[in-house]
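Asker: Sequence and predicted model, in that order:
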Amino acid sequence: MSSISLTSTMRANLLILQQTTSLMGVTQKNISTGKNVNSAIDNPSSYYTARFLDNRANDLNLLLDSIGQAISTVKTATEAIDTGLSFLEQALSVVEQSLSVSTVISNEEFVQFKANSAELIAEGYTSVDSTITVDEFNELLSRDNVQIVLTENLDFGDSDININGSNVVLNGGGYTLKGNSVRIGYLGDGTTEINNITLETAKGVNHDAYRNLKLNNVKIVNNGINNRVEQGMWGINSRGDSILENVIIEVKNSQNYNAIGIRLYQANCKLNNVKIDLLTRDDGVGRGIIGDGGDEKELLISNLNIEANSVDRLGILGSFALNDDEYKDVSVNIDEKFGENDYAYYTGQYDEIVRQYDNLVEDATYKGVNLLKADNLIVNFNEDRSSKLKIIGKDVSSGSLGLKPVLWNDKNDIGKTLNDLRSSINLLRDYASEIGNSYSILVSRENFTNDLINVLTEGADKLTLADMNEESANMLALQTRQQLAINALSLASQASKSVLELF
């Protein structure tokens, strides 16, 4: 196709019109997108800087979601702790109420154990720890003039503990000795001394020897069932003269059996500061002290306290050289609710509250994370994960806090539960403070991240956004220029029109 010849004036006006049209296209694009930098071609430096800022803002926006989820996780834990504390405080109230149920005299008034093993070992006592077998222990107890001190609790299960030596001294060092029964069977002369120990048996202490027995600072617990139905369960069954000072005897859970604190068979007995707790079921009755054998024996009493849910004649039966008016140092508390049933109502409430507390802890899970069951949570605060917060979870279930199902036999047991509960509440409050600090940090970082995203977006916009006032003015100017260019082009074509008129 042959080219069309234009005059120089027309070509100049046409070029200006094309440039104006091009600029109008750019301005229209800026107005429609709101940006004056839409690609790297427009302004490479501003475009790539703005893109970097936008990318970082987007990365932080993703982290902002994870921070928000972490806040929800921690908030779940804090809400659970607040509710859990109300549960434990309710349990504390139940425990404190139970203290007023019974008139049981505190055991500390009768027995106070001493942790004196090291002193006795230095004096020549033979030390015994939990590695010893029952046969080895019984062999040691069969020696004459032996002095033994425990350095740990001993548990021999259903095995009998036999003291057959003469002049045996057994000091518990404040520890507990468990077995089927404790039998003192040597028939010769001498004295058996048992001090500073808790004896837990199924059949009590059986003093078969016709010799002396001395107990001082001893607690005897018989929670088993004795096979001799006509006699019942007892704490001490003695055929020899006995001296009991600072002694507690507990005979409990005797169903259809009589609960006997001390049974004396033709034996004298001296009691000083002795407490006997008797708990029977169904047809059983409590008998603090009974005497068998027919002959009057001497029974000397100084501060004897008997606690029972049922009892025969002041709790003392048998032929003793003791008149009724000489019972002035004997106090007997008969309460049908004495023993475990004293506290059954409260223990039921306590156990249910603790169970509900554990259910609450189990339910304090958010998206599979439970800070109250020792799950940890890591929260990243920046895109390269160099800034983070690790929230350490802690197992605050009742077992981990040291709270267990309770079986209260006396106020000492209640006191232990009370101390455990207060300690648990303090631990829970400490952890609440710890994760409360983490919650504050997360909220602060969430606010900061939001602000930083806004700053980054604002910075990117400053590099790329168009000034709409300026672009509108440009469009108006370009439209005017376009109209002028069209008019100029029309004028430039007048010469050609004059030539056309010649024909």
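Answerer: It's in.

Asker: pretty sure N246 belongs to a strand, no?
Answerer: Yes. Checked against DSSP: H, G, I helix; E, B strand; the rest coil, N246 lies within a strand.

Asker: Run a quick neighbour tally on it.
Answerer: Using other Cβ atoms under 10 Å, N246 has 20 neighbouring residues. Heads up, the C-betas are built off the backbone N, CA and C, glycines and all.

Asker: right, and it touches N272 too?
Answerer: Yes. Counting by Cβ atoms under 8 Å, N246 touches N272, with 7.4 Å between them.

Asker: Determine the number of other residues adjacent to C269.
Answerer: 23.

Asker: Tell me who's in contact with it.
Answerer: Counting by Cβ atoms under 8 Å, 6 or more residues apart in numbering, C269 makes contact with S238, D241, S242, I243, L244, I262, I289, K297, E298, L299, L300.

Asker: partner residues bridging the third one?
Answerer: According to DSSP bridges, the residues that bridge with S242 are L213, C269.

Asker: shift numbering so it begins at 34
Answerer: Yes, from this point I'll number from 34; that puts the last item at S275.

Asker: I'd like the distance from it to T209, if you could.
Answerer: According to Cβ to Cβ, to the nearest Å, S275 and T209 sit 22 Å apart.

Asker: repeat for L304
Answerer: Separation of L304 from T209 (Cβ to Cβ) stands at 23 Å.

Asker: Those two: who's more crowded?
Answerer: Taking other Cβ under 10 Å, L304 and T209 do not tie; L304 has more neighbours (23 against 17).

Asker: what helix or strand does that one sit in?
Answerer: strand 302-314 (DSSP states H and E).

Asker: Report the distance from that strand to the chain centre.
Answerer: 38 Å (Cα atoms, centre = their mean, to the nearest Å).

Asker: do the same with stretch 71-84
Answerer: Distance of stretch 71-84 from its chain centroid, counting by Cα atoms, centre = their mean, is 58 Å.

Asker: In it, which residues are buried?
Answerer: Within stretch 71-84, the residues that count as buried by 16 or more other Cβ atoms under 10 Å are N71, N76, S79, Y80, T82, A83.

Asker: Where do the helices of the stretch 34-183 of the chain begin and end?
Answerer: For the stretch 34-183 of the chain, the helices defined by DSSP state H, counting those that start in this stretch cover 41-66, 77-131, 150-155, 167-174.

Asker: Adding mean pLDDT, write the ones you listed out as a markdown table.
Answerer: Converted to a markdown table, those look like this (pLDDT from 0 to 100):
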| stretch | mean pLDDT |
| --- | --- |
| helix 41-66 | 73 |
| helix 77-131 | 87 |
| helix 150-155 | 88 |
| helix 167-174 | 93 |
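
Asker: right, and the ones you listed - which one's nearest Y383?
Answerer: Nearest to Y383, of all the helices of the stretch 34-183 of the chain, is helix 77-131, at 5.1 Å by Cβ to Cβ.

Asker: who does that closest one touch, helix- and strand-wise?
Answerer: helix 373-396, strand 410-413, helix 444-497 (3 or more Cβ pairs under 8 Å, 6 or more residues apart in numbering; DSSP states H and E).

Asker: Wait, K147 touches N249, no?
Answerer: No. Distance between K147 and N249: 10.8 Å, which falls outside the contact criterion (Cβ under 8 Å).

Asker: Mutual contacts of these two, please.
Answerer: Common neighbours of K147 and N249 (Cβ under 8 Å, 6+ apart) are N229.

Asker: more neighbours, these two?
Answerer: Taking neighbours as other Cβ under 10 Å, K147 and N249 compare with N249 leading, 18 against 14.

Asker: residue contacts, the more buried one?
Answerer: N249 is in contact with E226, I227, N228, N229, E278, N279, V280, counting by Cβ under 8 Å, 6+ apart.

Asker: Is it in a helix, a strand, or coil?
Answerer: strand.

Asker: That one and N306: what is the separation?
Answerer: 10 Å.

Asker: which residues do the two both contact?
Answerer: Counting by Cβ under 8 Å, 6+ apart, the contacts common to N249 and N306 are E278, N279, V280.

Asker: what number of residues lie near the last one?
Answerer: If I follow you right, that is V280. 26.

Asker: Would you confirm that it contacts D310?
Answerer: No. Counting by Cβ under 8 Å, V280 does not reach D310; the two are 11.6 Å apart.

Asker: where does N178 sit relative to Y80, distance-wise?
Answerer: Applying Cβ to Cβ, the value for N178 to Y80 is 102 Å.

Asker: ok, back up a step: out of the helices of the stretch 34-183 of the chain, which gets nearest to S214?
Answerer: helix 167-174 (12.1 Å).

Asker: which of the residues in the closest one are buried?
Answerer: Taking 16+ other Cβ under 10 Å as the criterion, helix 167-174 shows V167, F170, N171, L173, L174 as buried.

Asker: what does it contact?
Answerer: The contact list for helix 167-174 (Cβ under 8 Å, 6+ apart) reads 159, 161, 165, 179, 181, 187, 189, 192, 194-198, 201, 203, 212.

Asker: what comes into contact with stretch 184-198?
Answerer: Contacts for stretch 184-198 (Cβ under 8 Å, 6+ apart): 150, 154, 160-163, 165, 167, 170-171, 174-179, 203, 206, 208-219, 225, 235.

Asker: just to revisit the earlier point, list buried members of the contacts of N249 by neighbour count.
Answerer: E226, I227, N228, N229, E278, N279, V280.

Asker: Tell me the one among those residues nearest to N452.
Answerer: Comparing the buried ones among the contacts of N249 against N452 with Cβ to Cβ places N229 closest, at 22.9 Å.

Asker: Quick check: the closest one is in a strand.
Answerer: Yes. Per three-state DSSP, N229 lies within a strand segment.

Asker: residue contacts, it?
Answerer: F146, K147, N149, N204, G205, G206, G207, N249, N250, V251.

Asker: Distance of it relative to K252?
Answerer: Per Cβ to Cβ, N229 is found 10 Å from K252.

Asker: quick one on the thing from earlier: got the buried residues of stretch 71-84 as JSON lines, with distance to I114 columns?
Answerer: Putting these into JSON lines (distance: Cβ to Cβ, whole Å) gives the following:
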{"residue": "N71", "distance to I114": "53"}
{"residue": "N76", "distance to I114": "55"}
{"residue": "S79", "distance to I114": "51"}
{"residue": "Y80", "distance to I114": "51"}
{"residue": "T82", "distance to I114": "47"}
{"residue": "A83", "distance to I114": "46"}
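
Asker: ok, which pair from the residues you listed is furthest apart?
Answerer: Pairwise over the buried residues of stretch 71-84, using Cβ to Cβ, the maximum falls at N71 and T82, 14.6 Å.

Asker: Need the phi and psi values for N255.
Answerer: N255 adopts backbone torsions of phi -120, psi 100, taken as degrees, to the nearest 10.
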